[in-house]
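Enquirer: need coordinates for the below:
(2 chains, ligands or ions: 3)
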Amino acid sequence: MNTSYSLGSMHLKNRVLVASGTFGYGNEAAPYTDVNALGGIVTKSVSWLPRQGNAPTRIAETPAGMLNSIGLANVGIDAFIADKLPFLRKLDTSIIVNIAASSTDEYIDILERLEDEDGIEAYEINVSCPNVKEGGLNFGTRCDMTETITRELRKRTKRTLIIKLTPNVTHIADFAKACEAEGADAVSLINTLVGMAVNIRTRRPVLSTITGGLSGPAIKPVALAKVFQVYSAVKIPIIGIGGITTWQDAIEFLLVGASAIQVGTASFRDPDAAVKIIHGMETFCREQGVEDIQELVGGLQIDAGVAAPGFVKAMEKEQA
Amino acid sequence: MSLINADLEVTSIAQVAEETYALRFHSPELAARLKPGQFMNILTSEAVEPLLRRPYSISRVEGEECEILFSLLGKGTHILAQKRVGDHIGVVGPLGNTFGYEKDFGTAIIVAGGIGVAPFPYLTAELQRREIPVITFLGARTTARVVRDGLTNLEVATDDGSEGHHGTVIACLDEYLSAHEIDRPMIFACGPNPMLKATQEYAREKQLPCELSLESEMACGIGICQGCPIEKHEGERKYSLVCTDGPCFDSNDIIFHEHHHA
Ligand SMILES: Cc1cc2nc3c(=O)[nH]c(=O)nc-3n(C[C@H](O)[C@H](O)[C@H](O)COP(=O)(O)OP(=O)(O)OC[C@H]3O[C@@H](n4cnc5c(N)ncnc54)[C@H](O)[C@@H]3O)c2cc1C
Ligand SMILES: Cc1cc2nc3c(=O)[nH]c(=O)nc-3n(C[C@H](O)[C@H](O)[C@H](O)COP(=O)(O)O)c2cc1C
Ligand code: FES
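Expert: Ligands and ions are numbered 1, 2, ... in the order given. Here you go, the predicted structure:
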C-alpha cells in the first residue's frame, strides 16, 4: 500500500503531520512516541526575536475543546537554529518550519535566514494567529496581504511553501485562490477560531487576553466544511487541520479533499495520538482494499442533484 | 522509552477524608522512577469530555504501586472518583522536577493547604529514610477534610476551628516557630495560591529557605503547549513553565499576581 505523498519538493512518507504549536520542537514528545513514524513535524511558529507570550491564564478547557492565548511564545530564530534544528534535522521525518511575523519584511528575513540551513523541507506561513497584537490575524484576514506575503516568499525559496489560513474570515476560498495564484505549493487550514470563556464567580474572562483560539474536537465540523469549500475552489493540495483526534477523523478530512492532515490538540491528550492515527488509517485502507491513499482524497460522494460547487456557493452566501 | 505513556490498572481506590480520595495504580516502571514533588498527567475519560488530562502529584510509592490523592472539584475528579479496581487509566509521567529534599538543611517544615497535602506523604517518607526531622502544618476548611495518613508531627489549623488552631496555617506556623528552637529549617509548601503567597511572604520575612509546589492550567504537561507559565524574577526571562521547570520553585523566584486563582 502506498501512503507516501509529494508536496512540492517535499516528500512525505505518510499523510499525517503534527500541527504547529502542539508538538513543540519534537524533542519534548520524543520520549512518549515514535517521532520517526510521523509524516512530518510542523514546528512551533518561529519569529525573528524570542517572544515571552501572553500573561497567564493562557488556556481554558471548553466542551470538547480548548481555548489558548499563548501569544506565539517561542525561542526566536537564532535559538531555533542553534538549539532546536540540530535535533530535528536528525529525525527521519519531514521538517516543516512554521514562520510567524508582524511585517512582510520580517517574514522575508526569517525565511532567508532559514534558507541557509539544511534539514528543512518546507515552510508553513502562519498568517493567522489570533493571539498577537501586531500582525497576527491582520495578515490572514486581508486577502491582499496574504497575496503579498505569498508572492514575496515564493520569489525567495524553492522549498515547499505552505500558507496556513484562518477560518476567521467570510470567504476562506478567496484566500486559498490568492495563495494558489501567487505560487504557494499548498494551503493548510484551519488555524484556531476566535472564542471566549467566562468565570462566573470572578465575573472575569478566563483568559488574560479575553478572547483566544478555539481548537480540538469541537472545531472539527467547521474545519471539514472549510476544507470542502477550499477543495472546490483550488487545484493546489490542502492540508486539513482541526480537531483530528482519531484515524476516522483523518479519513473524513481526506474524503472532503485534504491531501494530508495535521494532528493538533489531540497530542496534548496523548503524545502518541498521531502515530495511532497513522496505524489506524493503514488498517482501514487494507480492510477497504485501498492501494493508494490518494484514492480517498476528495472521494466524497455527493448524491445526484446536489452539485458540489452550488452547495459551496450556497454555504458562502449563507455566511456572507 | 524511558518515560511512561500507558493505560495502567487501578489497584485500589478509597475515600480518605470528606470528598477526598486516594487512588492507586500498578506500574513498576513509574514506582522505580518517581521522586517526591513530581506529578503525572492522567486521562480521566476515554471520551473527549473532559478533553485534557489532569495533573496529579505523586502522593506515595509502595512496592510497584503509585498513589494519587484528589478531592472532588469538577468534571475530571468526579469521573476519577467513580473508578473501580481493575479499571484502566491513561497515565503520562513522571513529569516535572522534584522537591529539593537533598539540599542542606536540618529540619523540614511542611506547609499544606487543602488538597495541597497530596505530595507530602511521599516527601515525608523520603525525608524519614534520610533521618531528617519533619514537622507538618496542615490547613483545612474543617476537620472532616483533614488527610493525616503518611504525615508526621502534625499541627492542624482549620478555618472553622473544628480542630487544632482556629485560623490560617501560617498563623499556626508562626506560633510554633516562635515558641520552638528548630535546627536549620527549610519550608516545603503546596496549596492554594493565596496560602502560597502568604508562605512566601513569611519565609522572606524570617529569611527561611522555602520551596513552593505550584499549580497552573495545563494542556500537555510536557513543555509543548506553553500554556502553564509562571512569572519569575530571573534576568531577562520573564516566564517559566510550571510543567517542566517546576512544579517546585524556590519561593524567592516567584511573582504572584492577582489573576492567579485560589
Ligand atoms: C502540578 C500539579 C499537581 C496537582 N496535583 C493535584 C493533586 O495531587 N490532587 C488534586 O486533587 N489536584 C491536583 N492538581 C489539580 C488538578 O490537576 C485538577 O485541576 C483538579 O483535580 C480539578 O480537576 P477537575 O476536572 O475535577 O475540575 P475542572 O472541571 O477542571 O475544574 C473545576 C474548577 O476548578 C478550577 N480549576 C481547574 N484546574 C485547576 C487548577 N489546576 N488549579 C486550580 N483550580 C483549577 C476550574 O477553574 C473550575 O472552576 C494539580 C495540579 C497541578 C498543576
Ligand atoms: C496551544 C496551541 C498553540 C498553537 N500554536 C500555534 C502556532 O504557534 N502556530 C500556528 O500556526 N498554529 C498554532 N496553533 C494552531 C494549531 O496548529 C492548529 O491549527 C489548531 O489547533 C487546530 O487544530 P486542532 O483542533 O487539531 O488543535 C496552536 C494551537 C494550540 C492549541
Ligand atoms: S502544560 Fe503544556 S507547556 Fe506546560
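Enquirer: give the contact list for the residue of the stretch 51-200 of chain B found nearest ligand 1.
Expert: Using CB to the nearest ligand atom, the single residue of the stretch 51-200 of chain B nearest to ligand 1 is B:Gly74, 2.1 Å away. Bear in mind the C-beta positions are built from the backbone N, C-alpha and C, glycine included. By CB atoms under 8 Å, 6 or more residues apart in numbering or on different chains, the contact set of B:Gly74 is empty.
Enquirer: likewise the one 3 residues further on?
Expert: Residues counted as contacts of B:Thr77 (CB under 8 Å, 6+ apart) are B:44, B:54, B:70-71.
Enquirer: how about stretch B:92-104 against ligand 3, any contact?
Expert: No - if you take CB under 6 Å from any ligand atom as the test, stretch B:92-104 misses ligand 3, and the best it gets is 9.0 Å.
Enquirer: span of that stretch from start to end?
Expert: For stretch B:92-104, the first-to-last residue distance is 31 Å (CA to CA, to the nearest Å).
Enquirer: and that stretch, what's buried?
Expert: B:92-101 (16 or more other CB atoms under 10 Å in any protein chain shown).
Enquirer: swap in stretch B:27-40?
Expert: For stretch B:27-40, burial by neighbour count (16+ other CB under 10 Å) applies to B:27, B:29-31, B:33-40.
Enquirer: what does the biggest strand by length in chain B contact?
Expert: Ranked by number of residues, the top strand in chain B under DSSP state E is strand B:4-17. Here strand B:4-17 makes contact (CB under 8 Å, 6+ apart) with A:32-33, A:270-272, B:21-27, B:29-30, B:65, B:69, B:71, B:81, B:83-94, B:144-147, B:149.
Enquirer: what's the average pLDDT for that strand?
Expert: Strand B:4-17 comes out with an average pLDDT of 96.
Enquirer: helix or strand right after it?
Expert: Using DSSP states H and E, the helix or strand that follows strand B:4-17 towards the C-terminus is strand B:20-26.
Enquirer: ligand 3 contacts on chain B?
Expert: B:218-221, B:223-228, B:241, B:243.
Enquirer: can we see that at 8 Å?
Expert: Within chain B, the positions lying close to ligand 3 (CB under 8 Å from any ligand atom) are B:55, B:216-228, B:241-244.
Enquirer: chain A next: which of those residues are close?
Expert: Applying CB under 8 Å from any CB of the partner chain, the subset of these adjacent to chain A comprises B:216-220, B:222-228, B:244.
Enquirer: circling back: out of the buried residues of stretch B:27-40, which sit inside strands?
Expert: Using DSSP E, B:39-40 are the members of the buried residues of stretch B:27-40 that sit in strands.
Enquirer: closest to ligand 1 out of the buried residues of stretch B:27-40?
Expert: For the buried residues of stretch B:27-40, the minimum distance to ligand 1 (CB to the nearest ligand atom) is 4.3 Å, reached by B:Phe39.
Enquirer: in a strand, B:Leu212, correct?
Expert: Yes - B:Leu212 sits within a strand when classified using DSSP: H, G, I helix; E, B strand; the rest coil.
Enquirer: across the sheet, point out what pairs with it.
Expert: For B:Leu212, the beta-bridge partners under DSSP bridges are B:Ala189, B:Phe249.
Enquirer: what's the burial count for the nearest residue to A:Asn199 once chain neighbours are set aside?
Expert: Nearest non-adjacent residue to A:Asn199, counting by CB to CB, 6 or more residues apart in numbering or on different chains: A:Val206, 5.3 Å away. Residue neighbour count, defined by other CB atoms under 10 Å in any protein chain shown, stands at 22 for A:Val206.
Enquirer: for stretch B:57-65, give the mean pLDDT please.
Expert: Averaging pLDDT along stretch B:57-65 gives 97.
Enquirer: sorry, wrong one. I was asking about stretch B:85-97.
Expert: What stretch B:85-97 shows for mean pLDDT is 96.
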